[in-house]
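# Generate a structure from the sequence data that follows.
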Amino acid sequence: MSTTVAEQLIDVLHAAGVRRIYGLVGDSLNPIADAIRRHPDFEWVHTHNEEAAAFAASAEAQITGRLAVCAGSCGPGNTHLIQGLYDAHRSGAPVLAIASHIPSSQIGTGYFQETHPERVFADCSHFSEMVNSAEQMPRLLRIAMQTAVGRSGVCVITIPGDIGARPAAHPTGTSPLVYGTPTGLPAAEDIRELAERINKARTVTLFAGAGIRDARKEVLQLAETLNAPIGHSLGGKEWIQYDNPYDVGMSGLLGYGACYDAMHEADLLLLLGTDFPYDTFLPGSHTVQIDRDASRLGRRTPLDLGVTGDTGATIRAVLPLLKAKTDRRFLDRMLSRHAKALEHVVAAYTRGIDTMRPIHPEFVAAQIDDLAADDAIFTVDTGMCNVWSARYLTPSPHRRVIGSFRHGSMANALPQAIGAQTAAPARQVISLSGDGGLAMLLGELLTARERNLPLTVVVFNNGSLGMIRLEMMVSGYPYFATDHGAVDYAAIAAACGLDSIAVDDPTEVRPALAKAFSSPRPFLVDVRTDPNALSLPPHITAQQVRGFALASTRTVLDGGVGRMLDLARSNIRNIPRP
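This next block holds a predicted model:
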């Protein structure tokens, strides 16, 4: 039997397969930290900000599919966790957060560092409760763990430090976590109506999200039966794009190819396992949605039919009722349009530019893609790095791409790389970091060095918040307060004890990346990229065009002719042609 509540907590976690906790130690965490110190098969992964601890745990959970754990001490220690926990929760990562608390006798008195963690984390968790006595353990902990795994998200246990030090009241026992994804089958009448609508439609487009992760084979079989193009969201890209003869690209602000056209021109659009949030990119009609979570049905767009059920199980049930569509003219037209768009977008900055300075970020992303291992794990910062990864990283059956795709938090890439490399030490891990994001959690370079993780950080160093700059301009504002000047991140990394190299010459990009990828130590590649290389989505509204033109005019009138000329030269090849 465990001696203290804290020892019991670690023993229960260990029995469930957990081997580490990410976080910063602190006084209210002392009983837990000491229990880890004395455990022969458990470790504390010291990060330099609790936010990074939550991001790292989230990445581990996404790579392994199993429970991962982070912790923060009382007050500001655990409130730092919240950004990473929001991201983990929205990403469906099974993460347990341990929020230690002030002494139980002081709760409610306005004591030093007092917060109410069980309330603070309620919005970014499925379960957030406080352990008020030793008698509640280990039951409350097991409820939290199973809820995180069963509902694919965050659960939080708040433990006052003094309670963690108390003697355990109950036997620890054994009770394994139950993993598994429910494969719910829709009602028979829904299957029949789905089949009727598909059979009635002359042309069909499939749009896949991350929910088709376990249904790739079924989605491709459905596309073959219907001669249907397949588009995808950013979350669905890594699961459906590779080796897909029906692929027409991605929709949304980071999109490319013919996906938008295929969704709008089809007689019927099938949304498969996606909670795609950008309703302005959806047709708003002739749409059917399939999702295992009924609460998501119709919340983004009006539906002709909503079907509650597992995507794979639903497709398997409906396929025998479908009439094969032999006319592939719509599919061929979309595939041709997609190829033409790809030639324009992908080639714009990746061919014939090895002498251009500043270095174009697309060229860097293309080189990363070419040199990276077939089972590499990429972590991607929010902002323009999302664009370059979405357009230039090639998925494969074994590659993974992790980012803050649903919460949109900056600074996620480096701490997620730390979690991914810790969970998968034998795999190549590459962080595509924006200079703005890296600067936010710069201290995590120390974490990488202290643990000697062989990850590579590629910094797209343009001295600018590129995505925010673009957002300002399409809204009609001249960009303002987005440019922060040159910073030598290679020198900073070297001062932190990492191997590093700065790259200004495009001919040096590939050798520098190759050197970094082969290093057994953490390595940072500081690539000085063009701040004027902006990305335009595949569908631009008249309002956005007017806004961009207005911003350009305002900038010229403000004396910035040179800046706008540089911008025009950088992006003229990226302007979509009718």
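# Now do the lengthiest helix in the chain, average pLDDT.
For the chain, the helix reaching the highest residue count under DSSP state H is reported as helix 329-347. Per-residue pLDDT values over helix 329-347 give a mean of 80.
# what packs against that helix?
Contacting helix 329-347 under the criterion 3 or more CB pairs under 8 Å, 6 or more residues apart in numbering; DSSP states H and E are the following elements: strand 247-250, strand 256-257, helix 259-265, helix 384-392. For every residue, glycine as well, the C-beta is placed using N, CA and C.
# contacts for that helix?
Judged by CB atoms under 8 Å, 6 or more residues apart in numbering, the contacts made with helix 329-347 from elsewhere in the structure are 202-203, 205, 227-229, 246-249, 256-259, 261-262, 265-266, 366, 391-392, 538, 573-574, 576-577.
# Could you pull out the buried residues of it?
Residues 330-331, 333-335, 337-338, 341-342, 345-346 are the ones in helix 329-347 that count as buried (16 or more other CB atoms under 10 Å).
# Same list, the helices and strands packed on helix 329-347, but as a markdown table with mean neighbour count please.
Compiled in a markdown table, the helices and strands packed on helix 329-347 are given as follows (neighbours: other CB atoms under 10 Å):
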| stretch | mean neighbour count |
| --- | --- |
| strand 247-250 | 26 |
| strand 256-257 | 26 |
| helix 259-265 | 23 |
| helix 384-392 | 25 |
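# so where's the protein shaky on pLDDT?
Within the chain, the ranges that satisfy pLDDT under 70 run 1, 343-354, 474, 534-578.
# In space, not sequence, find me the middle residue of it.
residue 403 (2.5 Å; CA atoms, centre = their mean).
# Can you list the residue ranges for helices in the stretch 51-200 of the chain?
76-79, 82-91, 117-120, 139-151, 161-164, 188-200 (DSSP state H, counting those that start in this stretch).
# Could you say which of those helices is packed most deeply?
Using mean count of other CB atoms under 10 Å, the stretch among those with the largest mean neighbour count is helix 82-91, at a mean of 26.
# what's that helix packed up against?
Using 3+ CB pairs under 8 Å, 6+ apart, helix 82-91 is in contact with helix 50-64, strand 95-101, strand 154-160.
# try it again with 6 Å
Here helix 82-91 is seen to pack against helix 50-64, strand 154-160 when contacts are counted using 3 or more CB pairs under 6 Å, 6 or more residues apart in numbering; DSSP states H and E.
# Same list (those) but as a markdown table, adding mean neighbour count and distance to residue 408.
Written out in a markdown table, the entries for these read as follows (neighbours: other CB atoms under 10 Å; distance: least, CB to CB, whole Å):
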| stretch | mean neighbour count | distance to residue 408 |
| --- | --- | --- |
| helix 50-64 | 30 | 13 |
| strand 154-160 | 27 | 17 |
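# Next, format these as JSON lines and append distance to residue 356.
JSON lines is the format used below for those (distance: least, CB to CB, whole Å):
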{"stretch": "helix 50-64", "distance to residue 356": "34"}
{"stretch": "strand 154-160", "distance to residue 356": "44"}
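# Any idea which of the ones you listed gets closest to residue 464?
Shortest separation from residue 464 across the helices and strands packed on helix 82-91 is recorded for helix 50-64, at 23.1 Å, computed as CB to CB.
# Run the angle between that closest one and helix 139-151 for me.
Angle between the axes of helix 50-64 and helix 139-151 is 60 degrees (criterion: axes from the mean of the first three to the mean of the last three CA atoms, to 10 degrees).
# Tell me which stretches of the stretch 201-350 of the chain form helices.
The residue ranges that make up the helices of the stretch 201-350 of the chain, judged by DSSP H, counting those that start in this stretch, are 216-226, 234-240, 259-265, 311-318, 329-347.
# So for residue 499, which of those sits nearest?
Among the helices of the stretch 201-350 of the chain, if distance is taken as CB to CB, the winner is helix 234-240, at 28.8 Å.
# Beta-bridge partners for residue 167, please?
Per DSSP bridges, the residues bridged to residue 167 are residue 4.
# Counting neighbours, what do you get for it?
Number of residues near residue 167 (other CB atoms under 10 Å) recorded here: 12.
# quick revisit: now the helices and strands packed on helix 329-347 as JSON lines including distance to residue 300?
Conversion of the helices and strands packed on helix 329-347 to JSON lines gives the following (distance: least, CB to CB, whole Å):
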{"stretch": "strand 247-250", "distance to residue 300": "16"}
{"stretch": "strand 256-257", "distance to residue 300": "21"}
{"stretch": "helix 259-265", "distance to residue 300": "13"}
{"stretch": "helix 384-392", "distance to residue 300": "20"}
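# Which among the ones you listed is found nearest to residue 149?
Minimum separation from residue 149 across the helices and strands packed on helix 329-347 (CB to CB) falls at helix 384-392, 28.3 Å.
# Make sure residue 453 is indeed in a strand.
No - counting by DSSP: H, G, I helix; E, B strand; the rest coil, residue 453 falls outside a strand, being coil.
# Backbone torsions only: list them for it.
phi -80, psi 130 (degrees, to the nearest 10).
# give the contact list for it.
By CB atoms under 6 Å, 6 or more residues apart in numbering, the residues touching residue 453 are 421, 522.
# can you tell me how far it sits from residue 180?
The span separating residue 453 from residue 180 equals 31 Å under the rule CB to CB, to the nearest Å.
# Ok, residue 385 next?
Residue 385 is 34 Å from residue 180, where distance means CB to CB.
# what's the answer for residue 195, then?
Distance of residue 195 to residue 180, given as CB to CB: 28 Å.
# With residue 489 instead?
Look at residue 489 and residue 180: by CB to CB, they are 43 Å apart.
# Then residue 395?
Computed with CB to CB, the distance linking residue 395 and residue 180 is 25 Å.
# Just want to know which of these two has more residues nearby.
residue 395 (18 against 7).
# before we move on, back to that, of the buried residues of helix 329-347, which pair is most distant in space?
330 and 346 (23.7 Å).
# count of neighbours near the residue lying closest to residue 435 once chain neighbours are set aside?
Once flanking residues are discounted, residue 435 sits nearest to residue 461: 4.6 Å by CB to CB, 6 or more residues apart in numbering. If you count neighbours by other CB under 10 Å, residue 461 ends up with 28.
# circling back to that earlier point, any chance of the helices of the stretch 51-200 of the chain in TSV, plus distance to residue 524?
Written out in TSV, the entries for those read as follows (distance: least, CB to CB, whole Å):
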stretch	distance to residue 524
helix 76-79	28
helix 82-91	22
helix 117-120	34
helix 139-151	33
helix 161-164	37
helix 188-200	50
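# Figure out which of these is closest to residue 281.
Comparing the helices of the stretch 51-200 of the chain by their distance to residue 281 (CB to CB), the top pick is helix 82-91, with 19.2 Å.
# Please find the angle between the direction vectors of that closest one and helix 50-64.
Calculated by the same axes, to 10 degrees, helix 82-91 forms an angle of 20 degrees with helix 50-64.
# what comes into contact with helix 82-91?
Counting contacts by CB under 6 Å, 6+ apart, the residues touching helix 82-91 from outside are 51, 54-55, 58, 95, 97, 124, 153-154, 404, 406-407, 409.
# can you redo those residues as CSV with distance to residue 417?
Converted to CSV, these look like this (distance: CB to CB, whole Å):
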residue, distance to residue 417
51, 14
54, 14
55, 9
58, 12
95, 17
97, 20
124, 22
153, 22
154, 20
404, 13
406, 19
407, 17
409, 15
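# with those in mind, which one is nearest to residue 303?
If you rank the contacts of helix 82-91 by distance to residue 303 using CB to CB, residue 406 comes first, at 21.2 Å.
# before we move on, the earlier item: check the offset of the longest helix of the chain from the chain's centre.
Relative to the centre of its chain, helix 329-347 is centred 27 Å away, using CA atoms, centre = their mean, to the nearest Å.
# now do stretch 515-528
22 Å.
# What of stretch 442-457?
The chain centroid and the centroid of stretch 442-457 are separated by 20 Å under CA atoms, centre = their mean.
# ends of that stretch, how far apart?
The first and final residues of stretch 442-457 sit 12 Å from each other (CA to CA, to the nearest Å).
# buried residues in that stretch?
Of the residues in stretch 442-457, those buried by neighbour count under the rule 16+ other CB under 10 Å are 442, 444-445, 447-449, 451, 453-457.
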